[in-house]
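[1] sequence isn't available, so here's the structure alone:
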């Protein structure tokens, strides 16, 4: 399999037809291969939820286009309806609020010699697509939904 302009163009066409505005191509050669290796065609406007990989780093290499890898830290706070916790209050009476604070933005743009990055294990992250882009992603372990 050769990844040339025509091949990537077909991947972009599939992404345009996908309501999620992205299309991935699994590069594993058998079900016994427990790595995750894929090409992902991403169009501006696609939404990739903030997520993390607790057991592996993620390698991202941009073949074409321009996007930002955005790294976050998780911010957790706890609320209850009263100023003090009454004696006997249990966890069901406390509301856990989670938000994310951006800590790093990595621009990937091969036209500017910015080719890729490594997302640390456990780091919360997403992508913001600036121009139609194709990235190669690699992670350890079998894909789990």
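    Right, received. Where do you want to start? Everything numeric in this text was worked out from a predicted model, so none of it was measured. Numbers count the residues shown, from 1 in each chain.

[2] report the strands that pair with the biggest strand by length in the chain, each with its relative direction.
    Longest among the strand segments of the chain by residue count, using DSSP state E, is strand 58-79. If you go by DSSP bridges, strand 58-79 pairs up with strand 95-108 (antiparallel), strand 116-119 (antiparallel), strand 124-139 (antiparallel).

[3] off-centre distance for the last one?
    The one in question is strand 124-139. 7 Å (Cα atoms, centre = their mean, to the nearest Å).

[4] can you list the buried residues in that strand?
    124-129, 132-139 (16 or more other Cβ atoms under 10 Å). C-betas here are computed from N, CA, C, even on glycine.

[5] quick one: average pLDDT of it?
    Averaging pLDDT along strand 124-139 yields 97.

[6] now the longest strand of the chain: how far from the chain's centre is it?
    On Cα atoms, centre = their mean, the centre of strand 58-79 falls 6 Å from the chain's centre.

[7] for stretch 4-14, same thing?
    21 Å.

[8] and stretch 54-69, by the same measure?
    8 Å.

[9] buried set for it?
    Quick answer for stretch 54-69 (16+ other Cβ under 10 Å): 56, 58-69.

[10] hang on, residue 128 packs against residue 67?
    Yes: contact criterion Cβ atoms under 8 Å: residue 128 and residue 67 qualify, at 6.4 Å.

[11] so in terms of bridging, what pairs with the residue sitting nearest the centre point of the chain?
    A centroid search over the chain (Cα atoms, centre = their mean) returns residue 126, at 4.1 Å, as the residue closest to the centre. Beta-bridge partners recorded for residue 126 (DSSP bridges): residue 70.
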